[in-house]
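Participant: Quick one: sequence and predicted model below, then my questions.
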Amino acid sequence: MDTQSLLLTPAEHAELQRRTRSQRGRAQDAVVARVLLLLAGGLTYREIAERTGRSEPFISKWKRRFLEARLAGLYVRHAGRPVQVLTPKLEARILEATRQKPADGSTHWSTRRLATRLQVPHMTVARVWQKHGIQPHRMERYMASNDPDFEAKAAEVIGLYLHPPQHAVVFCLDEKTAIQALDRKDPILPLSPGRAERHGFEYVRHGTLSLYAALDTQTGLVFGQTAERHTSQAFVAFLADLLVHVPRRREIHIICDNLSAHKTRRVAEFLAEHPRVHLHFTPTYSSWLNQVELWFSKIERDLIHRGVFTSTKDLAARIMRYIRHYNKDPRPIRWKYDDPTRRIRAA
């Protein structure tokens, strides 16, 4: 193996020095330039290999190429893969294939599976998906209402939110059923830097409760009551308790869903005895129209999901304490239309 030192002209030495300091050139060019400079400094192949981490054949190859053509020979011989140009035709082909089901039995495409199918780089598929906002790995569910009077009922409910009657109170009311009082067999390990809070896998079930909640749409206040079961009798009892918190001179409009317990004879008798109470039913399969569902998701995240309860009494006490604390700083839910052209209008 040729170990003779390399002789450089001042111009070649300056150019190689420039390549080693360049932050925009190829990393390979900087390595080759450094190897040649070390050869010119009289170092052996073994010493250069230890300093640069390159093999002795690598050093010999680039020395030979430099001696053959000087600086003109310092280029990579491998041309690399041909550049794939993203044409409109290729983009349309990727989009069309994405909308078809894979033939291997899977439910959706990945970038690499589709790239293999179309014989294109997977990053090309990823860029097309990103450009058009396509996310095959995600799925959203929807619920279609089969209520023939959907538009009229929805417009009535939204009208109560946006333009409530004067001298009246509007409540969103619903039940959160089957709240489990779960206790843990193992102690809870608190969070610490770099480690999340940990719960034991095994649990003890102490029973379930139902929570009745009414959200005042104008103030954000929540009135709650727990019950062992969500029956018509419990619903009427909650309505009676709700009347205590509203001055007698004010009308009460209550938005609720179509649960059978809301439409029994006992409920009809209560409404007849209290004519200032008016029930407004949301369309079927339209729980998203009930604002109290948003508050239910909040208490689920804040208390129920990770809570540890020793009994149903403990669960009820914790829920009521949460409601009392929440009512110290209530915030009403403000609805608005982002797209005025998609308004719900009564027929």
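Facilitator: Thanks, I have it. Predicted model, so just to flag it, every value in this text is computed and none were measured. Residues are numbered from 1 along each chain as shown.
Participant: Beta-bridge partners for Arg205, please?
Facilitator: Here Arg205 sits in beta bridges with Leu182, as judged by DSSP bridges.
Participant: Surely it touches Arg184?
Facilitator: No. In this structure, Arg205 is not within contact of Arg184 by CB atoms under 8 Å, at 11.1 Å. (C-beta placed from N, C-alpha, C; glycine too.)
Participant: How is the protein partitioned into domains?
Facilitator: Per automatic domain parsing, the structural domains of the chain span 10-73, 88-132, 150-342.
Participant: For His237, which residues are in contact?
Facilitator: Check again: residue 237 is Ala, not His. Contact analysis of Ala237 by CB atoms under 8 Å, 6 or more residues apart in numbering lists Gln225, Ala227.
Participant: Tell me which helix or strand it sits in.
Facilitator: Secondary structure assigned from DSSP states H and E places Ala237 in helix 232-244.
Participant: What pairs with the helix or strand following that helix, parallel or antiparallel?
Facilitator: Per DSSP H and E, helix 232-244 leads on to strand 251-256 as the next helix or strand towards the C-terminus. If you go by DSSP bridges, strand 251-256 pairs up with strand 168-184 (parallel), strand 277-281 (parallel).
Participant: Flag the shaky bits of this structure, pLDDT-wise.
Facilitator: Along the chain, segments meeting pLDDT under 70 span 1-5, 79-83, 337-347.
Participant: in it, which residue is closest to the centre?
Facilitator: The residue lying closest to the centre of the chain (CA atoms, centre = their mean) is Arg138, at 10.1 Å.
Participant: Arg205 and Arg184 - which one has more neighbours?
Facilitator: The residue with more neighbours, out of Arg205 and Arg184, is Arg184; 14 against 10, by other CB atoms under 10 Å.
Participant: from memory that one sits against Val308, does it?
Facilitator: Yes. In terms of CB under 8 Å, Arg184 counts as a neighbour of Val308; the distance is 5.5 Å.
Participant: which residues do those two both contact?
Facilitator: His199.
Participant: Among the strands paired with strand 251-256, which comes closest to Val292?
Facilitator: Nearest of the strands paired with strand 251-256 to Val292, taken as CB to CB: strand 168-184 at 4.0 Å.
Participant: Pull out the buried positions in the closest one.
Facilitator: For strand 168-184, burial by neighbour count (16 or more other CB atoms under 10 Å) applies to Val169, Val170, Phe171, Cys172, Leu173, Asp174, Glu175, Lys176, Ile179, Gln180, Ala181, Leu182.
Participant: tell me which of the residues you listed is nearest to Arg21?
Facilitator: Out of the buried residues of strand 168-184, the member with the shortest distance to Arg21 (by CB to CB) is Leu182, at 63.8 Å.
Participant: can you pull the contacts of that closest one?
Facilitator: Tyr203, Val204, Arg205, His206, Gly307, Val308, Phe309.
Participant: got JSON lines for those residues, with distance to Phe150 too?
Facilitator: Formatted as JSON lines, those follow (distance: CB to CB, whole Å):
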{"residue": "Tyr203", "distance to Phe150": "41"}
{"residue": "Val204", "distance to Phe150": "44"}
{"residue": "Arg205", "distance to Phe150": "38"}
{"residue": "His206", "distance to Phe150": "40"}
{"residue": "Gly307", "distance to Phe150": "36"}
{"residue": "Val308", "distance to Phe150": "42"}
{"residue": "Phe309", "distance to Phe150": "39"}
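Participant: Buried subset of those residues as a ChimeraX selection?
Facilitator: A single ChimeraX command selects the buried members of those (16+ other CB under 10 Å):
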select :206,307,308,309
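Participant: just curious, which of the contacts of Leu182 is nearest to Gly25?
Facilitator: Closest approach between the contacts of Leu182 and Gly25, by CB to CB: Gly307, at 59.5 Å.
Participant: and the gap between that closest one and His206?
Facilitator: Taking CB to CB, to the nearest Å as the measure, Gly307 and His206 are separated by 12 Å.
Participant: Please apply the same query to Val85.
Facilitator: Distance, Val85 to His206, using CB to CB: 65 Å.
Participant: same check, this time on Leu271
Facilitator: Leu271 is 36 Å from His206, where distance means CB to CB.
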